[in-house]
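**Student:** build the 3D model from these lines:
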Amino acid sequence: MSSASVLAVHPGPYTIFDLEAMPEDGQRYELIDGGLHVTPAPTPLHQIAAGRLRTLLAAVAPPEWEAVEAIDVQCGRDTVLQPDVIGLRAAAAFGPDRVINAADVAVVVEIVAPSSARMDRVLKPQVYADAGISTYLLVELKQPTVTWYALSDAGGYSILGSAIGSETLRMTEPFAVEIVPEDLVRRRD
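**Tutor:** Numbering: from 1, shown residues only. Here you go, the predicted model:
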């Protein structure tokens, strides 16, 4: 049976168990309140930017933290997202679970792609904020930009800083790091 036919006959809301049964076909499967969201595999440039940002975060993370790419983060009973880069507790990173609880996550990064722009800019920040993740980074590739958001008392995120092109974003929380957006997408000579 193809994955398309499995998706077509699914009754009712999806669960985390349904998500774990999805095919490994290169697409990204996420759940939001039991609704299945499927996006195409990222482009090579998207993956280069994610890898470079993960490397930056891993280099500055204290020993009790790790930085990883594209793992499932449970943000609610029937909500599981797969951020492009995640800063999480080392105990969770080295644990047996495939899906990480949002309580173990300090920072999530979403790199905007044409197929996920609205999700990355509008819906995912609210889901991450509702889950209590303290820091959200939004990366735009077209005109390289990194925007740093922190959880606010009002229940969403507030912008703490932003950098475009060759500007430097100096983040202090949850890890002190300097990010130059164009360095994330620059070709190596």
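
**Student:** alpha carbons only for contacts and neighbour counts from here, please
**Tutor:** Fine.

**Student:** downstream neighbour of the helix with the most length in the chain in the secondary structure list?
**Tutor:** Across the chain, the longest stretch assigned as helix under DSSP state H is helix 44-60. Using DSSP states H and E, the helix or strand that follows helix 44-60 towards the C-terminus is strand 65-69.

**Student:** other SSEs contacting that following strand?
**Tutor:** Packing partners of strand 65-69 (3 or more CA pairs under 8 Å, 6 or more residues apart in numbering; DSSP states H and E): helix 44-60, strand 85-89, helix 90-93.

**Student:** quick one: least confident helix or strand in the protein?
**Tutor:** Ranking every helix and strand in the chain by mean pLDDT, DSSP states H and E puts helix 3-8 at the bottom, with a mean of 47.

**Student:** which one of the helices and strands packed on strand 65-69 is the most hemmed in?
**Tutor:** Of the helices and strands packed on strand 65-69, the one with the most neighbours on average (mean count of other CA atoms under 10 Å) is strand 85-89, at a mean of 24.

**Student:** other SSEs contacting that strand?
**Tutor:** When contacts are defined as 3+ CA pairs under 8 Å, 6+ apart, strand 85-89 packs onto helix 44-60, strand 65-69, strand 105-111.

**Student:** how about CSV for the ones you listed, with mean pLDDT and distance to residue 174 added?
**Tutor:** Compiled in CSV, those are given as follows (pLDDT from 0 to 100; distance: least, CA to CA, whole Å):
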stretch, mean pLDDT, distance to residue 174
helix 44-60, 97, 10
strand 65-69, 97, 10
strand 105-111, 98, 6
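
**Student:** turn those into CSV, columns for distance to residue 189.
**Tutor:** Formatted as CSV, these follow (distance: least, CA to CA, whole Å):
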stretch, distance to residue 189
helix 44-60, 15
strand 65-69, 25
strand 105-111, 24
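
**Student:** to residue 93, which of these lies closest?
**Tutor:** Across these, the minimum distance to residue 93, taken as CA to CA, is reached by strand 65-69, at 6.9 Å.
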